[in-house]
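Student: take this sequence and fold it.
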Amino acid sequence: MTANDYRIARELKEQLAVQAKLVDFRVFGSRARGDADTESDMDVFVEVESLTPEVKEKIHETTWAVGFRNFMVISPLVVSRFEVEQTALRSSAIIRNITREGVAV
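Tutor: From the prediction side, this is the model:
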């Protein structure tokens, strides 16, 4: 990840932490691997303690606003702790990939 990617990810994480109790926050995909180009989006994994429709909407709105200010498309994957620990999602390929390649911020 570039220094600018870290800065944007930290900014987003700080703003999201005001809205919900974050369990995990990671950048994954091309930006985490370091093979992104100038047009690549930033994929972020956002795990929260409790997820309501209102919290999910706030997370998406904040993510859009931070991306807009920084001229970057940010694509959030928003899940609850319950989903990661107690549902089939825990053994999904995307979660394995995020665990293996994701960069904690």
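Student: drop to CA atoms for contacts and neighbour counts, all remaining ones
Tutor: Will do.
Student: what about the helices in the chain?
Tutor: Assigned by DSSP state H, the chain shows helices spanning 3-19, 30-33, 53-69, 81-86, 93-101.
Student: what's the first one packed up against?
Tutor: If you count contacts as 3 or more C-alpha pairs under 8 Å, 6 or more residues apart in numbering; DSSP states H and E, helix 3-19 packs onto strand 22-28, helix 53-69.
Student: need the winner for burial among those.
Tutor: Burial of the helices and strands packed on helix 3-19 is given as mean neighbour count (mean count of other C-alpha atoms under 10 Å); strand 22-28 ranks first at a mean of 20.
Student: for stretch 87-96, measure first residue to last.
Tutor: Taking C-alpha to C-alpha, to the nearest Å, stretch 87-96 runs 14 Å from one end to the other.
Student: nearest residue to Phe28 in space, please, no chain neighbours.
Tutor: Leaving aside its chain neighbours, Phe28 sits nearest to Gly102 (4.3 Å; criterion: C-alpha to C-alpha, 6 or more residues apart in numbering).
Student: do you know the pLDDT at the one you found?
Tutor: Gly102 carries a pLDDT score of 96 in this model.
Student: which residues touch Glu83?
Tutor: Leu89, Arg90 (C-alpha atoms under 8 Å, 6 or more residues apart in numbering).
Student: and the gap between it and Glu61?
Tutor: Taking C-alpha to C-alpha as the measure, Glu83 falls 22 Å from Glu61.
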